[in-house]
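Chemist: I would like the atomic coordinates for the input below:
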Amino acid sequence: MMRIAGFEFADGARFQPGAERNAKLVGGHLEMLRKKFKGELTPEDVLADAKHDNSPLHSFFEWSDTEAANQFRLQQARGLIRAVVAIYVSDDKPAVRQKAYVHIAEPSAPHYREASHAMSQKKTRQLVLQRAWRELQQWKQRYKDMKEFSDLFEVIDEVEKHLPASSKSAH
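Modeler: Numbers count the residues shown, from 1 in each chain. Here you go, the predicted structure:
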């Protein structure tokens, strides 16, 4: 039987500003909660524990109801933007359904742009491709031990050979 040897935070994990980022402490505490609740860990149990000031999970949450409500609404707005699909038409081709907006992760001003416009500009196209590649690599890493996806992993590795280096990493 396998056992947990330690804890780390996943690549790309985002937390409240100022949150204590000790993965070993947080992972150990979550594991203690899981055992306390007979092997099942729920968001409700985590939140109930985190409400206590002395919990190592406390700093990962926004405790101002006003600010938390605003953050939740911003998350809903992001979800709404991501959910919209545009139907593109032209005289010589059948209609095409495509995600209407893509996220542009510019460090100074992250935002969304209309997808075809973003892909027609060199800088934003590169940012979109880099993000897509990073997300694909994270997915591959998350499921690397599932033999059912081995054929797909081979295709991803083959695509990587033909993808320009600028599409795989930020400059």
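
Chemist: break down the chain into its strands, ranges please.
Modeler: Remark: strands assigned in the chain by DSSP state E are 85-90, 93-99, 101-104, 111-114.

Chemist: what about the closest residue in space to Asp11 that isn't next to it in sequence, how many residues nearby?
Modeler: Using CB to CB, 6 or more residues apart in numbering and skipping residues adjacent in sequence, the residue nearest Asp11 is Gln138, 6.3 Å away. Heads up, the C-betas are built off the backbone N, CA and C, glycines and all. The number of residues packed near Gln138 is 13, by other CB atoms under 10 Å.

Chemist: how about Ala23?
Modeler: 13.

Chemist: tell me the pLDDT at it?
Modeler: As predicted, Ala23 sits at a pLDDT of 89.

Chemist: wait, Arg82 touches Lys99, no?
Modeler: Yes: between Arg82 and Lys99 there is a contact under CB atoms under 8 Å: 7.4 Å.

Chemist: which stretches of the protein form helices?
Modeler: Shown for the chain, the helices assigned by DSSP state H span residues 23-36, 43-50, 65-83, 115-120, 122-142, 150-162, 165-168.

Chemist: in JSON lines: those, plus distance to Lys93.
Modeler: Listed next are the helices of the chain as JSON lines, based on distance: least, CB to CB, whole Å:
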{"stretch": "helix 23-36", "distance to Lys93": "49"}
{"stretch": "helix 43-50", "distance to Lys93": "45"}
{"stretch": "helix 65-83", "distance to Lys93": "25"}
{"stretch": "helix 115-120", "distance to Lys93": "13"}
{"stretch": "helix 122-142", "distance to Lys93": "21"}
{"stretch": "helix 150-162", "distance to Lys93": "25"}
{"stretch": "helix 165-168", "distance to Lys93": "25"}
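
Chemist: Met1 is nearest to which of those helices?
Modeler: helix 23-36 (15.1 Å; CB to CB).

Chemist: give the buried residues for the closest one.
Modeler: 26-27, 29-30, 33 (16 or more other CB atoms under 10 Å).

Chemist: quick check, nearest of the residues you listed to Ala115?
Modeler: Closest to Ala115, out of all of these and judged by CB to CB, is Val26, at 36.5 Å.
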